[in-house]
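**Student:** what follows is a protein structure lacking sequence information:
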């Protein structure tokens, strides 16, 4: 296979891999897509070449260490933020492992992402800064950009543990064309035993769809799509369409569900499965890796990069933002990392 379809096949049906599998390509693509731990979990127990088995054993151990580190970081944030008296909602990978979900099995986890009410941002910021977190890049333009236009505070990193936290008050930028209902997300969140919260299952899927199709260029898209597959397989799709409609993301949820169905065999309602030209382009972008894990299909990637910024902000604002970033040689997103979660 000439693209990441090899990884998709391995995740979807590990037992279907033939003896002549190009293991080097599979492992390299999985690592590039931050799915090596997930792949290791999926292939556990199967007869494998010795060197492949050793590599996947190490990947499982690394994923387990990452899981423990993520949960500890969530606990540190809980202790610091508990006095502000609002719900602290875990997002993305940390939420999956904290809730013991299928999507968390072997998952790579980067930053700690949390969601709090917007009126609690000031208190959360003050508490975190007092407890050892500091700004990643204290640049005046980036700081103002985040506070005026983004759905989160500027990223913070703990000075001793070297772990990042993103404090969200919404799941899409304030300038985005779609404005999900943050109050509904927080209000419907489900409590964990330690006092933290996770999004309700349908809202988790909606958030994953938003992150994949409405807030980025699909970098890391296969990992996000695997999250969606796992969430739908575990919780089903009943009530999902209504919840997506509430947040203005009905089309995006249907679209990611179709991708998950085509690539991973996810069970979805029949009426969602009609394939479109846009779906073909998304699939082409999701699979754009060669056997060395290198990005391919540069024109497709560029198109989705431009699309991601077009969705994030109005044309004049986008032009100004890109001009400022170009002059300074900085990433156009305003943050150095948006796809490592």
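**Tutor:** Great, that's in hand. In this text, all values refer to a predicted model and were calculated from it rather than measured experimentally.

**Student:** hmm, residue 52 and residue 27 touching each other?
**Tutor:** Yes. At 7.0 Å, residue 27 and residue 52 qualify as touching, with contact defined as Cβ atoms under 8 Å. Quick note: C-beta positions are derived from backbone N, CA and C, even for glycine.

**Student:** so between these two, which is more surrounded?
**Tutor:** Ranked by neighbour count (other Cβ atoms under 10 Å), residue 27 and residue 52 place residue 27 first, with 21 against 17.

**Student:** can I take it that the more buried one is in a strand?
**Tutor:** No. Assignment of residue 27 by DSSP: H, G, I helix; E, B strand; the rest coil gives helix, placing it outside any strand.

**Student:** helices of the stretch 51-200 of the chain, start to end?
**Tutor:** Applying DSSP state H, counting those that start in this stretch to the stretch 51-200 of the chain gives helices spanning 92-98, 121-130, 140-149, 182-187.

**Student:** would you list those in TSV and tack on mean neighbour count?
**Tutor:** Shown next, in TSV, are those (neighbours: other Cβ atoms under 10 Å):
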stretch	mean neighbour count
helix 92-98	25
helix 121-130	15
helix 140-149	15
helix 182-187	17
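
**Student:** pick out the shakiest of these, pLDDT-wise.
**Tutor:** Among those, helix 140-149 carries the lowest mean pLDDT, a mean of 84.

**Student:** mind listing what's buried along stretch 210-227?
**Tutor:** By 16 or more other Cβ atoms under 10 Å, the buried positions in stretch 210-227 come out as 210-227.

**Student:** from these, which land in strands?
**Tutor:** Counting by DSSP state E, none of the members of the buried residues of stretch 210-227 fall within strands.

**Student:** would you map the strands across the protein?
**Tutor:** With DSSP E as the criterion, the chain has strands spanning 89-90, 112-115, 133-135, 156-158, 164-168, 190-191, 197-198.

**Student:** redo the ones you listed as CSV? Include mean pLDDT, mean neighbour count and distance to residue 146.
**Tutor:** As requested, those are arranged in CSV below (pLDDT from 0 to 100; neighbours: other Cβ atoms under 10 Å; distance: least, Cβ to Cβ, whole Å):
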stretch, mean pLDDT, mean neighbour count, distance to residue 146
strand 89-90, 98, 25, 19
strand 112-115, 98, 25, 14
strand 133-135, 95, 16, 10
strand 156-158, 97, 19, 11
strand 164-168, 97, 22, 10
strand 190-191, 98, 12, 28
strand 197-198, 98, 21, 23
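
**Student:** would you list the ones you listed in a markdown table and tack on distance to residue 66?
**Tutor:** Formatted as a markdown table, these follow (distance: least, Cβ to Cβ, whole Å):
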| stretch | distance to residue 66 |
| --- | --- |
| strand 89-90 | 15 |
| strand 112-115 | 12 |
| strand 133-135 | 20 |
| strand 156-158 | 16 |
| strand 164-168 | 14 |
| strand 190-191 | 23 |
| strand 197-198 | 18 |
